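Trainee: the following comprises the amino acid sequence and a computationally predicted model.
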Amino acid sequence: MGKIIAIANQKGGVGKTTTSINLAASLGVLEKKVLLIDADPQANATSGIGIDVESVDIGTYQLLEHSNSAKEAIVKTETPNLDIIPAHIDLVAIEIELVDKNEREYMLKKALLDIKDDYDYILIDCAPSLGLLTLNALTAADAVIIPIQCEYFALEGLGKLLNTIKSVQKIHNPELDIEGLLLTMYDSRLRLSNQVVEEVQKHFNNMVFQTIIQRNVRLSEAPSYGESIINYDAGSKGASNYLSLAKEIINKNS
């Protein structure tokens, strides 16, 4: 039985897509069968893994509309053991189109039923909002990873997201767990980065992943080449951080 993990935070620029792509690739390299779902209309996970967004005919939009099955939407990537359900800018319209539908929060959950057992992990890259797309992801997921950047506004909005997760647990998905809070964009030379790490670890204790994702130039460069950090520079600090995170998740779930 595959585990579905949503990667969510309504704040933009916290490393959601970077984490989605590189965690998926790292789990793949560690011989886990992985599906990455791009549930963000910006489609950065799609282009960041080397797929031309303009060429996407069947993707997350069709999946949520139930006009195509999940199996029809899956695209193989060049990364070992990693498939993707890509996104296209047309995903912007889905929130409006789902508004009048019955059980609109369950569209993704239903669409994934027939493929859940085909993968060890299904990762969902969420949009930077708490709209219907993110709600669908949280309703479909078994757990959620919350990336938090090591910067001044890091904890702002976290309470709001945790409240959303609580209400999803109460109304739509009582099984939803928090897989962990992931500290990203850490720079050991900055006092502020260290303060944020201390603050988050003090408040959330065991909920925080031991792995911290450090600021890394190679990590920023990789998406412009349409590659995960594992393909782009396996020897970089970024690759080592995400492999460490993947191992932590595997150990936690074994």
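Mentor: Cool, got the structure.

Trainee: now do the strands in this protein.
Mentor: Per DSSP state E, the chain carries strands over the ranges 3-7, 34-39, 75-76, 82-85, 121-126, 143-149, 177-184.

Trainee: go through those strands and pick out the most buried.
Mentor: strand 34-39 (a mean of 29; mean count of other CB atoms under 10 Å). C-beta: built from backbone N, CA, C; applies to glycine.

Trainee: would you mind pulling the contact partners of it?
Mentor: Contact partners of strand 34-39, identified using CB atoms under 8 Å, 6 or more residues apart in numbering, comprise 2, 20-21, 24, 27-28, 44-46, 49, 59-60, 63, 74, 81-87, 91, 108, 115, 118-127, 133-134, 136-137.

Trainee: got the angle for that strand vs strand 3-7?
Mentor: Between strand 34-39 and strand 3-7, the angle comes out at 40 degrees (axes from the mean of the first three to the mean of the last three CA atoms, to 10 degrees).

Trainee: how far off centre is the lowest-mean-pLDDT helix or strand in the chain?
Mentor: Lowest on mean pLDDT, DSSP states H and E among the helices and strands of the chain sits helix 94-98, with a mean of 87. Its chain's C-alpha centre and that of helix 94-98 lie 21 Å apart, by CA atoms, centre = their mean, to the nearest Å.

Trainee: mind listing what's buried in that helix?
Mentor: By neighbour count with 16 or more other CB atoms under 10 Å, helix 94-98 contains the buried residues 94-95, 98.

Trainee: ditto for stretch 168-176
Mentor: Within stretch 168-176, the residues that qualify as buried are 168, 172-173, 176, counting by 16+ other CB under 10 Å.

Trainee: in stretch 208-225, what's buried?
Mentor: Using 16+ other CB under 10 Å as the test for burial, stretch 208-225 gives 208-209, 211-216, 219, 222-223.

Trainee: now, among the residues you listed, which is nearest to Ser244?
Mentor: Distance to Ser244, by CB to CB, is smallest for Thr211 among those, at 4.5 Å.

Trainee: quick check: mean pLDDT across the helix ranked longest in the chain?
Mentor: In the chain, taking DSSP state H as the definition, the longest helix is helix 237-253. Mean per-residue pLDDT for helix 237-253: 96.

Trainee: which outside residues touch that helix?
Mentor: Here helix 237-253 makes contact (CB under 8 Å, 6+ apart) with 3, 5, 19, 22-23, 25-27, 29-30, 32, 121, 179-180, 182, 209-214, 216, 218-219, 222, 229-230, 233.

Trainee: let's see it at 7 Å
Mentor: Contact with helix 237-253 is made by 3, 22-23, 26-27, 30, 32, 209-211, 213-214, 216, 218-219, 229-230, 233, as judged by CB atoms under 7 Å, 6 or more residues apart in numbering.

Trainee: those residues in helices, which ones?
Mentor: 22-23, 26-27, 218-219, 229-230.

Trainee: check contacts around Lys11.
Mentor: With contacts defined as CB under 7 Å, 6+ apart, Lys11 is in contact with 128, 157.

Trainee: just the pLDDT at it, thanks.
Mentor: On the pLDDT scale, Lys11 is placed at 87.
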